[in-house]
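Peer 1: Mind folding the following:
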Amino acid sequence: MGDLLAGRNILIMGVRNKWSIAWGIAQAAYKEGANIIYTYLGEREKAELEKLTEGMGTLHAFPCDVTSDEDIEKLFDWVKSEFGVLHGLVHAIAFARSEDLQDSFLNTSREGFKIALDISAYSLVAVCRHAAPLMTEGGSIITLTYRGSVKVTPGYNVMGVAKAALEASVRYAAYELGGKNIRVNSLSAGPIKTLSAKGVKNFSDILKVVEERAPLKRNVTLEDLGKTAVYLLSDLSSGVTGEVIYVDSGYNNMG
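Peer 2: Modelled structure (predicted):
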């Protein structure tokens, strides 16, 4: 156990199962002494959280559907009443309809486009707005992105557009919250086997290409991502904000 995050209240949104990047971050933050607070969408996710966190002390979790402003407001009212101060927030939430990932990008429906941008990008704006007043001692906000935001990744489709909007939102939020000593950054993970990744066509081929071409000659792990998240959540990154931090074995540097 370390102490980089000792005594800090860290809210993690988006743990779905043991393969979730959010879970890798939660484990790493817990090992550094953080007090972890979770959100969940439904009873299935709550039950999964209960299993995952067994042996990690009392589970602090609250339901939240990020498409609902009322849910978001209730979440942060609860965090304020239970914990008072928030020191970190991990926004690990994204969604696009499967038909909009399986079909061609130009066939993305208007409704599918709205859903992807709402859940994957606007939700960060909404939670930042409510989290900031609780970060009275300064804080760090992290979201998750992917290089499909800046490079065409066949099959990633509308999610690539949503991630581009997310990264722009990070920069604007970082500017507006910087004066309050609140940092906002995005962690761009290399391809990793998550439940969401299964919705991307030919995902196994992407894994092979990265392993072959990345400087480190391997794909990243949840441990890799968790360590970088701890860096971003801790004072080690006190001068870093508005950035996209790549954790992809160096693949983004390759031509």
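Peer 1: Now the lowest-mean-pLDDT helix or strand in the chain: buried residues?
Peer 2: The least trusted helix or strand in the chain, going by mean pLDDT, DSSP states H and E, turns out to be helix 203-213, with a mean of 85. By neighbour count with 16 or more other Cβ atoms under 10 Å, helix 203-213 contains the buried residues 203, 206-207, 210-211. Glycine gets a C-beta too; all of them are placed from N, C-alpha and C.
Peer 1: gap between that helix and the chain center?
Peer 2: Relative to its chain's centre, helix 203-213 lies at 22 Å (Cα atoms, centre = their mean, to the nearest Å).
Peer 1: Contacts for the helix or strand following it next, please.
Peer 2: Past helix 203-213, heading to the C-terminal end, the next element that is a helix or strand (DSSP states H and E) is helix 222-233. The contact list for helix 222-233, computed with Cβ atoms under 8 Å, 6 or more residues apart in numbering, reads 4-5, 8, 10, 19, 21, 23-29, 32, 34, 87-88, 90, 140, 142, 183, 185, 187, 189, 192, 237, 240, 245, 247.
Peer 1: C-terminal to helix 222-233, which secondary structure element comes first?
Peer 2: Per DSSP H and E, the first helix or strand lying C-terminal to helix 222-233 is strand 244-247.
Peer 1: Give me the helices and strands touching that following strand, please.
Peer 2: In terms of contact count using 3 or more Cβ pairs under 8 Å, 6 or more residues apart in numbering; DSSP states H and E, strand 244-247 is assigned the packing partners strand 182-189, helix 222-233.
Peer 1: Name the strands paired with that strand and say parallel or antiparallel.
Peer 2: Strand pairing for strand 244-247, determined by DSSP bridges: strand 182-189 (parallel).
Peer 1: Find the nearest non-adjacent residue to S149, please.
Peer 2: Nearest non-adjacent residue to S149, counting by Cβ to Cβ, 6 or more residues apart in numbering: K163, 3.7 Å away.
Peer 1: What strand or helix carries that neighbour?
Peer 2: Assigned by DSSP H and E, K163 belongs to helix 158-177.
Peer 1: can you give me the angle that helix makes with strand 182-189?
Peer 2: Inter-element angle recorded for helix 158-177 and strand 182-189: 160 degrees (by axes from the mean of the first three to the mean of the last three Cα atoms, to 10 degrees).
Peer 1: Can you list the buried residues in helix 158-177?
Peer 2: In helix 158-177, counting by 16+ other Cβ under 10 Å, buried: 158-167, 169-171, 173-174, 177.
Peer 1: which one of these sits closest to S81?
Peer 2: The shortest separation between S81 and any of the buried residues of helix 158-177 is 22.6 Å, and it belongs to L177 (by Cβ to Cβ).
Peer 1: so A116 makes contact with G160?
Peer 2: No. In terms of Cβ atoms under 8 Å, A116 does not count as a neighbour of G160; the distance is 9.7 Å.
Peer 1: Mind giving me the PyMOL select for the contacts of helix 222-233, buried ones only?
Peer 2: In PyMOL, the members of the contacts of helix 222-233 classed as buried (16+ other Cβ under 10 Å) are selected with the following command:
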select buried, resi 4+5+8+10+21+23+24+25+26+27+28+29+32+34+87+88+90+140+142+183+185+187+189+192+237+245+247
